[in-house]
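Asker: sequence first, then the predicted structure:
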Amino acid sequence: MPEAATPLMPIPGHIDPVPVPRAITPREDGRVDLVGLSRPQIKAELTAAGLDERQAKLRAKQIFHWLYHRGVTDFDAMTDIAKTQRPWLAERFVIGRPNVVEAQVSSDGTRKWLLRSDDGQDYEMVFIPDADRGTLCVSSQVGCTLNCRFCHTGTMRLVRNLTPGEIVGQVMLARDALGEWPRGSMAVEIDADEDDDAPQYTTDGRLLTNIVMMGMGEPLYNFDNVRDALKVVMDGDGLALSKRRITLSTSGVVPMMARAGEEIGVNLAVSLHAVTKDVRDEIVPINRKFGIEDLLQACADYPGANNARRITFEYVMLKDKNDSDEDARELVRLIRQYRLPAKVNLIPFNPWPGAPYECSTPERIKRFSDIVFEAGISAPVRTPRGRDIMAACGQLKSASEKKSRAELDRLAEEKQAALG
Ligand code: SAH
Ligand code: SF4
């Protein structure tokens, strides 16, 4: 059954997000979009529309499979549902996808989509193909309230939580775009309890195998929707992505970390970025509320973390800010002090217009990585991906927002001209 809603937390950011009290964004035509709903939720919708309990339960199971395992968007394709019942379903329900406003491809193969919700909110998703995997970077909010100083998303003014449908919809759309749904009568037996890393479908190594909650937004400030969405994504009869192939990144919302481990159970990444209070307070302002000690203790307590499933510490390399030898040594000391099964991802700072920082030099990043690595902790340097289309970490900020800024600038200019 759906779990109780977590009340919105007071947020230390510059603005509060627009709450989304309903799990489903209302549509103008009054039909209900089923994408993002769990089996019990689909059943509840069918019951509300008039089916009896037994029928609703059976149909919910069938629809769930067609929706998430087969990727169909048309009730007419659901061959095990009575032909006469399909139009009845189509009158009341839809199987939607996020509206695509723009799709871009980087010179390195990274793809970015600008998406628009049914109520006109813009958000982005990014697909990063590698030789042996394909990673979808999924957004959890439109914008972000936490305005980390090096992050473009944090400068967006309007923030709204995405619904489970809008979160799962990103994965569905990526599967559409990559042509990844099983075809014909291909029935794949999937054991829901199995943590099997083998790809479920044929893959040429460029398809969707991993998900990172590292797009726009702070996932733990939209806990219920992110949890419900990821549960659908992990369901063995649907999209069936293993929890080992999903990573949730948080800037350090300490009070929600234990629940994330218990109720979602995916890999954890933590945006640490600094090892002293002064610097972290400045660049990741949520640190003023939840400090480094509490954050690292929450990491030590994270359910499921062990040497085989390490916690990733993300560390953005900012010139003369957090990149000294001393910082690297302190990072090692902290990881040891809290006995953390950790790996460190060093992320060269990705620039954006008006950003107040510069990226550390390659030599500095190498030296920092060596110090951490020599202490026995893996510390790879992430190659930036999709910078040319503003798709790299921290560069996401929807075009409509940019346009409204541009419009504001134009208006200001016009005003100036009128005055002068
Ligand atoms: N809000 C979550 C997840 C999204 S950001 C979080 O902060 O963890 C994904 C990663 O990119 C985070 O580690 C974030 O701190 C980092 N990041 C943000 N802006 C960046 C930039 N300009 N250059 C490099 N990394 C950046
Ligand atoms: Fe929000 Fe993460 Fe960007 Fe910070 S780094 S502003 S938490 S999206």
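Answerer: Here it is on my side, so go on. Numbering: from 1, shown residues only. Ligands and ions are numbered 1, 2, ... in the order given.

Asker: for ligand 1, what's the nearest residue on the stretch 251-400 of the chain?
Answerer: Per CB to the nearest ligand atom, residue 394 is where the stretch 251-400 of the chain lies closest to ligand 1, at 1.8 Å. Just so you know, the C-beta spots here come from the backbone N, C-alpha and C atoms, and that holds for glycine as well.

Asker: quick check: closest non-adjacent residue to that residue.
Answerer: Spatial nearest neighbour of residue 394, excluding adjacent residues (CB to CB, 6 or more residues apart in numbering): residue 151 at 4.4 Å.

Asker: what's the neighbour count on the one you found?
Answerer: 26 (other CB atoms under 10 Å).

Asker: you'd agree it is up against residue 214?
Answerer: No - using CB atoms under 8 Å, residue 151 is not in contact with residue 214; the gap is 11.2 Å.

Asker: would the residue of the stretch 251-400 of the chain closest to ligand 1 count as being in a helix?
Answerer: No - under DSSP: H, G, I helix; E, B strand; the rest coil, residue 394 sits outside any helix and is assigned coil.

Asker: how close does it sit to residue 219?
Answerer: 15 Å (CB to CB, to the nearest Å).

Asker: who's more crowded, these two?
Answerer: Counting neighbours by other CB under 10 Å for residue 394 and for residue 219 shows that residue 219 has the greater number, 29 against 21.

Asker: dump the residue contacts of the residue of the stretch 251-400 of the chain closest to ligand 1.
Answerer: For residue 394, the contacting residues are 148, 150-153, 316, 349-350, 352, by CB atoms under 8 Å, 6 or more residues apart in numbering.

Asker: secondary structure added to those residues, as TSV?
Answerer: TSV is the format used below for the contacts of residue 394 (three-state DSSP):
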residue	secondary structure
148	coil
150	coil
151	coil
152	coil
153	helix
316	strand
349	coil
350	coil
352	coil
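
Asker: and residue 268, how many residues sit next to it?
Answerer: The number of residues packed near residue 268 is 24, by other CB under 10 Å.

Asker: tell me, what's the model's pLDDT at it?
Answerer: You'll see residue 268 listed with a pLDDT of 98.

Asker: ligand 1 contacts on this structure?
Answerer: Within the chain, the positions near ligand 1 by CB under 6 Å from any ligand atom are 144, 148, 150-151, 214, 218, 249-251, 271, 314, 316, 347, 349-350, 393-394.

Asker: hmm, back to that, phi and psi next, for the residue nearest to residue 394.
Answerer: phi -110, psi 130 (degrees, to the nearest 10).

Asker: over to residue 389?
Answerer: phi -110, psi 20.

Asker: and it, how many residues sit next to it?
Answerer: So residue 389, with other CB under 10 Å, has 19 neighbours.

Asker: just checking, it touches residue 104?
Answerer: Yes - with contacts counted by CB under 8 Å, residue 389 reaches residue 104, the gap being 4.4 Å.

Asker: overlap in contacts of those two?
Answerer: With CB under 8 Å, 6+ apart as the test, residue 389 and residue 104 both reach residue 112.

Asker: residue 327 - that's part of a helix, no?
Answerer: Yes - assessed with three-state DSSP, residue 327 lies in a helix.

Asker: grab the nearest non-local neighbour of it.
Answerer: residue 275 (5.6 Å).

Asker: so, in contact with ligand 2 or not, stretch 212-222?
Answerer: Yes - applying CB under 6 Å from any ligand atom, one finds stretch 212-222 in contact with ligand 2 at 217-218.

Asker: what mean pLDDT does that stretch get?
Answerer: In the prediction, stretch 212-222 has an average pLDDT of 96.

Asker: again, but for stretch 180-196
Answerer: 49.

Asker: do the same with stretch 51-62
Answerer: 97.

Asker: buried residues in that stretch, which are they?
Answerer: Within stretch 51-62, the residues scored as buried using 16 or more other CB atoms under 10 Å are 51, 56-57, 59-60.

Asker: tell me the pLDDT at residue 412?
Answerer: For residue 412, the model assigns a pLDDT of 61.

Asker: again with residue 408
Answerer: 52.

Asker: helix or strand: which one has residue 248?
Answerer: strand 246-250 (DSSP states H and E).

Asker: do residue 63 as well
Answerer: Here residue 63 is assigned to helix 53-64, by DSSP H and E.

Asker: distance from the chain centre to that helix, please.
Answerer: 29 Å (CA atoms, centre = their mean, to the nearest Å).

Asker: okay, now the unreliable bits of the protein?
Answerer: 1-23, 183-206, 399-420 (pLDDT under 70).

Asker: mind listing the helices for it?
Answerer: 39-48, 53-64, 85-92, 164-177, 223-234, 254-259, 277-283, 292-300, 325-337, 362-374, 399-419 (DSSP state H).

Asker: domains of this protein?
Answerer: Structurally, the chain divides into domains by automatic domain parsing as follows: 32-94, 99-419.

Asker: quick one: distance of the last one to the chain centre.
Answerer: It stands for domain 99-419. 6 Å.
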